[in-house]
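> Provide a 3D model corresponding to the input given below.
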Amino acid sequence: MSFDKDMQEALTTFTIESSELLVDMEAGLMALETLEDPAETINAIFRAAHTIKGSSGVFGLDHIVRFTHVLESVLDKLRDGKLGICSELIAALLPCCDHLNLLVREIADGRLEENPEYSAIGRQLLQALLPYLEPVAAAETRVSTVPDTSERVQNLGGNKIESGNWHLFLQFHPNCLRDGMDPLSFIRYLTTIGEIVHLTTFSHTMPEAEQMDAESNYLGFEIVLKSNADKATIDGAFDFVRDGSHIHILPLENRIPYYVELIESLTEDNAQLGELLIKSGVITQRELEDGLKAQTDRIEAQQPSQRIGEILVEKQVVQQPIVSAALEKQKQLKDNKARENQSIRVDAERLDKLIDLIGELVISTAAASLRGMKTGDVTLQEANANVISLVEEVRDSALQLRMVPIGTTFSRFQRVVRDVSKELGKDIKLEISGAETEVDKSVVEKIGDPLMHLVRNAMDHGIERAEVRAERGKPVQGTLRLNAYHSSGNIVIEVGDDGGGLDRDKIIAKAVERELIPAGATLSDQEIYALIFEPGFSTADQVSSLSGRGVGMDVVKRNITELRGIIHVDSQPGQGTTLRIHLPLTLAIIDGFLVGVGDTSYVIPLDRVVECVELPVDDNRDYMELRGEVLPFIRLRQLFHKSGPVSRRQNIIVVEHLDLKAGLVVDRLMGELQTVIKPLGKLFGHVQGLGGSTILGSGEVALIIDVPTMLRQQAQGSVTG
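Numbers count the residues shown, from 1 in each chain. The predicted structure follows:
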């Protein structure tokens, strides 16, 4: 199977949109058991499956269509209230969602043909759905056979009409028998594509016996048909007898809400009324063409124009409620199209290239600003100030393009919590807050794995088993919390649980055993909790498939450190543990404060700077009193072993992070600037207290201070000033 360029682009869009629908579908399935009124969520899940099936059919992806059709049948029964929501049903549907995701990824990778291995997996998954489809399976079995029509074609009364879905009105042409067309043969044929659940014969056109013509047809029929066939298939059964006959095929009245909802779920680009009705299956192409011809004939005859919907209703092709729903959907699609025209999909690589170019622009404007100051040209300085202001706006706008809600990452863990809690034999619920908090896309991509480690660790080690919780007077169901919010130019992500908390004594004992700390050492809570991030450290008594080998927490810390973030641990014995991850909102460009020490320049992230204070001349103390608070010093000259003459007037940059505060002693204050962050490289990986580098307007390389790391080292006494 191959596609031209346009179809290939459409296929790419299909895979992207299908992946998004499957994410929503999984989130909806996960939420079903907790919702008081799940009707709208069930409808959304059904629409997602229906859209994927319909779009797959457009590209001839029959294996996805077949799989999704069965899944859609179960969801349809769930939507109609014929199935109840239960954990077993959700457990059967979720793997189907995973399998669809796998099939879509195969398409995205260019493998369009059905994979036999995946087909076998799909059959196993559908086998698990059979208990929920038994009535449908039975009906399909009946449709696939042609039983004796003497038992099937009869007036069954009105008590079973509601079980059908098509209403047929047949008045065959009086000369059909002369033409060799037996009306009963057409009715028999209907039994091969469905089940006739009601049949009424009309004889109102039949004359008196002496006036009857034995070769003329006088009978009409009203039939209620139950069939999975679409209208076009049923309508095609009467192709040979259509001329001169009156044949109307309508959805049964009790099925109108189904078609209304089906029309509402359509996502077709074509917003024409007739196309919507054809796509939903309530009219055929021939009926639409006949209606359009009638509309044209009225115009040519200079009669008042009539809308196509009115003509179709007048011709008894479709009911008014369905036409009204299609008109409403037509308006909605046009509105959506207008909105889509206001937004476009942008390739991530192009966006990254834009950010890089803006970074270079920031460096260039800094060079121009420096040139303006050296020349003393006031006009140039003013013009450059305007350029810098515009560059700042462009920078902020570009960075905003890469901001995405973190809720997409959080929602992945609904499934993780469900599956892992069952594996552990624990009852755990997940509470999510702050899902709308936005963060740079590059941060979101890299934070998923560390969060996965923390979530699984909290479920395995943090939350106790039900019997233990009951003994401690806690609710049997444990709670895991994911929260996100902005704070001081950072995003803070919290992973919390209401479990037993960290055991300080056990951590200390294990650390002493591994010679990480000397016996009898006095440590603060944070120093003790920091030990759990040491490589190979674990207090688990038993190794499980989830944890206990000491692999994971050190990886978490390393990954977060690479993102210029830190982890803060807060634990209360018997009440639970909360881990707070502090990350920068973006990894590309920051606002900084430029300072000088000797002949070297340093950049301090502006969101860490509290204020600047002048250091008294010849003051060699390592601290000062600042508004009643003792402020320790970190002398960058001594820390980085800088030589050269010491400035007579030194300055203090007061910086803070969380509850830590210190003063950085520098020689010169050089003002604010925009900073493009460049990595230091492996050669400087061992250097503590540096978060990267940047290029100044003069071409000089300046080092970026990692304030959180420096403050932690100062608090632990490993930084001297």
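
> List the beta-bridge partners for residue 597.
Per DSSP bridges, residues listed as beta-bridge partners of residue 597: residue 600.

> Spell out which residues sit in contact with it, please.
With contacts defined as C-beta atoms under 8 Å, 6 or more residues apart in numbering, the neighbours of residue 597 are 636, 637, 640, 642, 666, 667, 668. No exception for glycine: its C-beta is placed from N, CA and C like everyone else's.

> The first one and residue 124, how far apart?
It refers to residue 636. Distance from residue 636 to residue 124, counting by C-beta to C-beta, to the nearest Å: 64 Å.

> more neighbours, these two?
The neighbour count for residue 636 versus residue 124, taken as other C-beta atoms under 10 Å, is higher for residue 636 (25 against 11).

> that older thread, got the contacts of residue 597 as a markdown table, with pLDDT and distance to residue 358 columns?
Converted to a markdown table, the contacts of residue 597 look like this (pLDDT from 0 to 100; distance: C-beta to C-beta, whole Å):
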| residue | pLDDT | distance to residue 358 |
| --- | --- | --- |
| 636 | 88 | 30 |
| 637 | 86 | 34 |
| 640 | 83 | 30 |
| 642 | 80 | 32 |
| 666 | 90 | 29 |
| 667 | 88 | 31 |
| 668 | 87 | 28 |
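
> now, the most widely separated pair of the residues you listed?
When those are compared pair by pair using C-beta to C-beta, the two farthest from each other are 640 and 668, 14.9 Å apart.

> element containing the closest residue to residue 314 other than its chain neighbours?
For residue 314, ignoring the flanking residues on the chain, the nearest one in space by C-beta to C-beta, 6 or more residues apart in numbering is residue 306 at 7.9 Å. Element membership of residue 306 [criterion: DSSP states H and E] is none; it lies in no helix or strand.

> where does residue 306 land on pLDDT?
Confidence at residue 306, expressed as pLDDT, is 81.

> Relative to residue 121, how far out is it?
Counting by C-beta to C-beta, the separation of residue 306 from residue 121 is 53 Å.

> Likewise for residue 78?
For residue 78, the distance to residue 121 - C-beta to C-beta - is 23 Å.

> Could you do residue 420 as well?
In this structure, residue 420 and residue 121 are separated by 22 Å, where distance is defined by C-beta to C-beta.

> Comparing the two, which residue is more hemmed in?
Comparing residue 420 with residue 121 by neighbour count (other C-beta under 10 Å), the higher total belongs to residue 420, at 19 against 16.

> can you give me the strands for the stretch 551-700 of the chain?
Assigned by DSSP state E, counting those that start in this stretch, the stretch 551-700 of the chain shows strands spanning 566-572, 576-584, 589-597, 600-605, 609-614, 623-626, 629-635, 651-657, 660-666, 668-676, 690-695.

> so which of those gets nearest residue 73?
Counting by C-beta to C-beta, residue 73 lies closest to strand 576-584 out of the strands of the stretch 551-700 of the chain; the figure is 43.4 Å.

> and the closest one, which strands flank it?
strand 490-497 (antiparallel), strand 566-572 (antiparallel).

> Highest mean neighbour count out of those?
Of all the strands paired with strand 576-584, strand 490-497 carries the top mean neighbour count, a mean of 22, counting by mean count of other C-beta atoms under 10 Å.

> what sits up against the helix or strand just after that strand?
The first helix or strand that comes after strand 490-497 along the chain, using DSSP H and E, is helix 504-513. With C-beta under 8 Å, 6+ apart as the contact definition, helix 504-513 has outside contacts at 517-519, 523, 525, 528-529, 531-532, 534, 537-539, 573.
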